[in-house]
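1. Mind looking at a prediction? Sequence and model below.
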Amino acid sequence: MDLATILLLFKSSLLVGALCFVYVRWHGKHGEGLGVLAVSFLLQAAATTFAGMVESGTLTGTVWIVIMTALGLAGYALLWTGLKELTTGVKTKGLWLTMLPPSLLTVAVLFTDSVDDNRIRASVFNLSAGVYLLACSVMVCHDIGREKLSAKVPLSLALGSGAFLCFAIVLGINGLLISPDALNIVFFLLIVLFFIICLFIIIMVKERTEADLHRLIATDELTGLPNRRHFFNGLPAEPRPGDAFILLDIDHFKRVNDTLGHATGDRVLRKVAEMIARDLPSQAIYGRLGGEEFGVFLPGSGNDAALAIAELIRKRIENHHDAITTISAGVAVARAASVITEVMSAADAALYKAKQNGRNRVWLHVET
């Protein structure tokens, strides 16, 4: 495959990628960075077009070489910027700083002998491209811990592989390790990798949208806690002995709504939800069950730990000035051969006892 064909394929892949980014940006959520990525691919496509025309002799002169180099380097710089915006969801400030390195490199090419030396110019360009791709790979990989999306792993690997190929091109241009005849194969693999990078960027956007939809379905809109359906879906049908269920209810919540207004009632719900969720064990399952009622499931906690956690929540709400009211809680612990509905009923009975005995207290269900 000759260089002209490779450049045509590369340009085509970049144009297709840019169109895909524009389409997804206009027709979906979480498009932060996709516009920048589209511009990145378009600049690289323009640079590839000029490279092909310079190679064929259609365009001659130093100015076209400088324009070709500047567009290509700017495209790689914007690739890093676009991926940063896409992974973090935050628009990059000071875009001129991103464009500073390619600008300086272009000036260096212009005012040195490398502008007329294809080997040096191509080495500088591909070395810079490899550094940008490697930086993109590290950035995406580092962000996996913050937001676990499966597409980030292959995307990071594809970016890293692209960096490796760019470095291999530099070696091949300078007659090291790779023969000049093998360079066309390396260029072709780079084209394939750009298709893969584009694919996994779009998959990542899709996964993020699906994750948001899942969170929306599973989350109580007012308090931000897991909602009733998500809470009950997470409970085991047959809890093990020692698993505890805590049922919590805000005392006199109707009075809060009637006397202070529903806006205050909503604020109380949010504050109580926040204090219930704070410092729970990592294995705890919790959520808002409806109205002013909340549930907490504690695997393997036993009586003492479950009572201690319920009491901690009760005291925290009692002593917090923003909570306004208090809560009552019923605690039940699973025994041998229990089913979850029995444990929940026992916790409900214990909650009723807590309210009967003056509210603002925790009550443990004791089997008779």
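-> All right, it came through fine. Numbers count the residues shown, from 1 in each chain.

2. Name whatever forms a beta bridge with residue 219.
-> The partner list for residue 219 in beta bridges (DSSP bridges) reads residue 226.

3. quick one, what contacts it?
-> Contacts for residue 219 were tallied using Cβ atoms under 8 Å, 6 or more residues apart in numbering; they are 225-227, 230. The way it works is simple: take the backbone N, C-alpha and C, and place the C-beta from them, glycine included.

4. and the residues you listed, which two are the farthest apart?
-> 225 and 230 (9.1 Å; Cβ to Cβ).

5. quick one: low-confidence parts of the stretch 1-150 of the chain?
-> Filtered on pLDDT under 70, the stretch 1-150 of the chain yields the residue ranges 1-4, 30, 94-96, 113-116.

6. Quick check: residue 219 vs residue 150, distance?
-> As judged by Cβ to Cβ, to the nearest Å, residue 219 and residue 150 stand 21 Å apart.

7. same deal with residue 295?
-> In terms of Cβ to Cβ, residue 295 sits 31 Å off from residue 150.

8. now residue 57
-> Where residue 150 is concerned, residue 57 sits at a distance of 47 Å (Cβ to Cβ).

9. Could you check which of the two has the larger neighbour count?
-> residue 150 (12 against 7; other Cβ atoms under 10 Å).

10. The helix or strand where residue 63 lies: which residues count as buried?
-> Counting by DSSP states H and E, the element that carries residue 63 is helix 62-88. Residues 65-87 are the ones in helix 62-88 that count as buried (16 or more other Cβ atoms under 10 Å).

11. Run through the neighbouring helices and strands of it.
-> Packing partners of helix 62-88 (3 or more Cβ pairs under 8 Å, 6 or more residues apart in numbering; DSSP states H and E): helix 34-56, helix 95-110, helix 118-142, helix 183-218.

12. and the next helix or strand after the third one, what's its mean pLDDT?
-> This points to helix 118-142. Downstream of helix 118-142, the first helix or strand assigned by DSSP H and E is helix 152-173. Helix 152-173 shows a mean pLDDT of 93.

13. contact partners of stretch 322-330?
-> 246-253, 256, 260, 264, 267-268, 271-272, 275, 310, 313-314, 317-318, 346-355, 359-363, 365.

14. For residue 140, see how far away the spatially most central residue of the chain is.
-> Geometric centre of the chain, nearest residue: residue 147, 3.5 Å, by Cα atoms, centre = their mean. Taking Cβ to Cβ as the measure, residue 147 falls 10 Å from residue 140.

15. For the helix or strand where residue 276 lies, name the packing helices and strands.
-> Residue 276 is located in helix 262-277, with elements delineated by DSSP H and E. Packing partners of helix 262-277 (3+ Cβ pairs under 8 Å, 6+ apart): strand 244-250, helix 253-260, strand 285-290, strand 293-298, helix 302-318.

16. That one: how far from the chain's middle?
-> Centre-to-centre, helix 262-277 and its host chain are 28 Å apart (Cα atoms, centre = their mean, to the nearest Å).

17. Stretch 186-194 - what's its average pLDDT?
-> Computed over stretch 186-194, the average pLDDT equals 88.

18. If we go by neighbour counts, what in it is buried?
-> 186-188, 190-191, 193-194.

19. Can I get those residues in TSV including distance to residue 106?
-> Formatted as TSV, the buried residues of stretch 186-194 follow (distance: Cβ to Cβ, whole Å):
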residue	distance to residue 106
186	24
187	22
188	27
190	21
191	24
193	25
194	22
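
20. If we only consider the contacts of residue 219, which is nearest to residue 9?
-> When these are compared against residue 9 (criterion: Cβ to Cβ), the nearest one is residue 230, at 47.6 Å.

21. these two touch, right, residue 256 and residue 262?
-> No - here residue 256 does not reach residue 262: they are 9.2 Å apart, not a contact under Cβ atoms under 8 Å.

22. Neighbour count for the two, which is higher?
-> residue 256 (20 against 10).

23. shared neighbours, residue 147 and residue 140?
-> With Cβ under 8 Å, 6+ apart, residue 147 and residue 140 have common neighbours residue 87.

24. which non-adjacent residue is nearest residue 239?
-> residue 334 (4.0 Å; Cβ to Cβ, 6 or more residues apart in numbering).
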